[in-house]
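> Mind looking at a prediction? Sequence and model below.
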Amino acid sequence: MAEYSIRDSVAIIQLDNAPVNALSVAVRTGLYDGIERAAGDGSVKAVVVCGKGGNFCAGADIKEFDEGSKGPWITEIGDFMDRMRKPVVAAIEGVALGGGLEVALFCHYRIAAKNARVGQPEVNIGLIPGGGGTVRLPRAAGFKQALEMIVTGNPVRAERALKMGVLDEVVSGNILEAGIKFALSKAHIDTSLACLRNRPVRMDGLNIDTKADAALAHVKSKYKGFEAPMFCVKAVVNAARVPYDDAIQKEREYFFELRTSGQSQALRYAFFAERQIARWGLPGGGDYRTARAIPVRSVGVVGAGTMGAGIALCIITSGLPCVLLEQNQEFLEKGVTSLRGQLMGTVRLGKMTAGEAEVCLSRLKPSTSMEDLKHVDMVIEAVFEDLKLKREVFERLDKTCKPETILCTNTSTLDIDSVATATGRPDKVVGTHFFAPSYLMKLLENIYGSRTSPETVATVMRFGKTIRKVPVLVGSCTGFVANRMLAPYTAEAQFCVEEGASPAQVDSVLMDFGMPMGTFRVSDLSGIDVSFSIRREAARKLGVTLTVDSRYFRGQRHCSLIERLVEKGRLGRKTGKGWYKYEGPGGTVPLEDPDVLEIIETHCRALGIERRNVGSHEIQERMQLAMINEGFKILEEGICTRAEEIDVIWLYGFGWPRYLGGPMFYASKLGLKRVFEKICTFHKRFPHSQHWVPSVLLGKLSESGLPLSKWGEAAGTSRL
Ligand SMILES: CCCCCCC[C@H](O)CC(=O)SCCNC(=O)CCNC(=O)[C@H](O)C(C)(C)COP(=O)([O-])OP(=O)([O-])OC[C@H]1O[C@@H](n2cnc3c(N)ncnc32)[C@H](O)[C@@H]1OP(=O)([O-])[O-]
């Protein structure tokens, strides 16, 4: 709703819809009524529109999008304001985003507090501004700047918006008082002079024809796969070419077309899924509502290898001091050099100044003495993935660190309890699984053990946000969520290659789908020997030896091409050849290698595997459905409590195309009945692959018709 009051002959309309004053039907109706009332009240000289609770308005209420359009549209309210003879001033604090900025652009004047940010982020949810933004922002900020704001969705700070011409004044002090004062100062000025409708789009010497083509080409290549950015360009270009009302009409058509598109639905889903993951709960009780995070003022990282150095870099760049520990000076220096190299990379990219990088480095304390960890609030262990070694480290940490220190393990495979029992504080032990390269990858998989306390979980969830990661809480199991789902996905990729596909064919199927990289290129990048060692180690623990001839591993289908490539010295990009051969600058360009195709052919012939044409559709289906089936098993076991958590993990851990929501959302769109039937068919066809045993939960859900948001509840694993 919107509250209406009068002060000093100024009508104040305060948008009121906590937490961000989204433009629900009630708010739009309240705004319209308020404007109409002020227009008809002879005692009112001017109007101020502002927001309650520290924000102006975050735009349309995204939750209402699936309910159709009720209430007045923003442009209807705007048209009324355009005809008003009394000045309407938007007094902005906090954010004015999307429809919020559009409301402000309909006001005759806009003033903002210093801390305010304004923007048109609709593109992030697969839309274009639909309330006049593509038509009015270019009239205020000029074509080029408006186009940039609309296509990127990035908000700008008040001072910049003032320079761009979006704002009329930036003020300090009470925004409402400033708004009233400003409104009264404009009470006698002809409002039509301040009305953006009456101004042309500012081209600042640019030729619209050449600019339009260039912008379309740029956006097409930069936002590959995304529909909305192209529509943003088309709408802004149109606004520069046709009269105001025609441009508004076209914008609205585009907006409605996109609003019902699959991409916008997926992107809106992703927006809310990202917020859902903050609502965690533990099986033994305790959740985000009751658990208090312990303040983390300093952190230690044990192990200055690539992972450890990257983690330390995340910490120092987020403003926290960090002790980086190694067992000897040589390893430590290597780690610090790698950290510096990554930091300087960000300086070269212009993301940080050299001075800022120096400030970050001043927060780093390289050390070879565990005593330096005595007083830190949190330690992240990032040593080699070996349980015995990790237990030794934890035993020493437990003895050295103060009793309140939280001890985290950056394991990607080990059971948290098996590490926690090496200490006398299992309640303060938790998994923090970073993804490589740890400085760049946003996902942080936080893993609780059976005795991890709610306070410890609250602390690592908050810490994740502090270091600008996306923290998702999951339970402990082999591979946790990300790697557990990745296992059947990559296994199917290799089986497809055994059966007749080429690595390049598989990778292009994945990239055409929208993944940033194919699985074989990823394998070459991280090193084929890494997967080889993990497999060999897992087999060794079970008393089995894997050879190049192994077709089965503990009764399960197994592809031993990795063993074959390692035998041939093809370890990936670092050796110039793996699934591909590498050429070009720095040996970074992957090329299909006839030698590897020959190795695969010979290998399969030797093992009696008949090769055939494996179609692209089959590759995609097998890889994705195997992984989706695993996702349902993860829900079934309560490792995750919501499908949204799995999707966020894939969005941030593996670059699943955001416009497809995530694998679980994708499954919901395919239809669970169809997904289940397909998985059952694959299970019959490939009986020796455990990952094709259909999830019981999936079977149940395929009959229920329940929406994705209820899957966790249906699994009986929801803890909230
Ligand atoms: C149908 C009629 C339409 C009229 C025409 C419209 C045309 C227009 O061009 C289209 C739009 O405006 S499209 C919209 C364009 N606008 C955008 O895309 C803005 C999207 N929002 C943001 O970028 C960020 O949320 C803020 C920067 C606003 C706050 O960030 P922060 O401080 O880190 O906090 P936080 O954790 O992020 O959010 C707090 C809570 O608010 C919730 N919520 C937020 N916005 C919402 C919304 N619009 N809606 C609903 N809810 C919204 C959020 O879910 C969360 O709820 P929870 O239950 O507590 O989880």
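Great, that's in hand.

> helix, strand or coil for Val301?
strand (DSSP: H, G, I helix; E, B strand; the rest coil).

> excluding its backbone neighbours, what's nearest it?
Ala312 (4.6 Å; C-beta to C-beta, 6 or more residues apart in numbering). Glycine gets a C-beta too; all of them are placed from N, C-alpha and C.

> Quick check: mean pLDDT of stretch 596-605?
For stretch 596-605, mean pLDDT rounds to 95.

> ok, now stretch 666-684?
Stretch 666-684 comes out with an average pLDDT of 98.

> picking that back up, next up, the contacts around the residue nearest to Val301.
If a contact means C-beta atoms under 8 Å, 6 or more residues apart in numbering, then Ala312 has Val301, Ala304, Cys322, Leu324, Gly335, Leu339, Leu364 as its contacts.

> Helix or strand for Gly30, just tell me which one.
Element membership for Gly30, per DSSP states H and E: helix 25-40.

> Tell me how far the residue nearest to Val301 lies from the ligand.
26 Å (C-beta to the nearest ligand atom, to the nearest Å).

> in a helix, that's where that residue is, yeah?
Yes: counting by three-state DSSP, Ala312 falls inside a helix.

> picking that back up, what's the helix or strand following the helix holding Gly30 packed up against?
Going down the chain from helix 25-40, the next helix or strand is strand 46-51, by DSSP H and E. Secondary-structure packing of strand 46-51 (3 or more C-beta pairs under 8 Å, 6 or more residues apart in numbering; DSSP states H and E): strand 10-15, helix 25-40, strand 88-92, helix 99-106, helix 175-185.

> at 10 Å what do you get?
Strand 46-51 is packed against strand 2-7, strand 10-15, helix 25-40, helix 74-83, strand 88-92, helix 99-106, strand 109-113, helix 175-185, with contacts defined by 3 or more C-beta pairs under 10 Å, 6 or more residues apart in numbering; DSSP states H and E.

> can I have the longest one written out in CSV, keeping just the CAs?
Written as CSV, here are the backbone C-alpha positions of helix 25-40 (Å, rounded to 0.1, in the frame of the first residue of the first chain):
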residue,chain,number,x,y,z
VAL,A,25,-1.1,-4.3,-6.7
ALA,A,26,-1.8,-2.6,-3.4
VAL,A,27,1.2,-0.3,-3.7
ARG,A,28,0.4,0.6,-7.3
THR,A,29,-3.2,1.3,-6.4
GLY,A,30,-2.1,3.3,-3.3
LEU,A,31,0.3,5.4,-5.5
TYR,A,32,-2.3,6.0,-8.1
ASP,A,33,-4.9,7.0,-5.6
GLY,A,34,-2.4,9.3,-3.8
ILE,A,35,-1.5,11.1,-6.9
GLU,A,36,-5.1,11.6,-7.9
ARG,A,37,-6.0,12.8,-4.4
ALA,A,38,-3.1,15.3,-4.4
ALA,A,39,-4.0,16.5,-7.9
GLY,A,40,-7.5,17.3,-6.8
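
> Return the distance of it from the chain's centre.
Chain-centre distance of helix 25-40: 37 Å, with C-alpha atoms, centre = their mean, to the nearest Å.

> Just confirm yes or no for it near the ligand.
No: if you take C-beta under 6 Å from any ligand atom as the test, helix 25-40 misses the ligand, and the best it gets is 6.9 Å.
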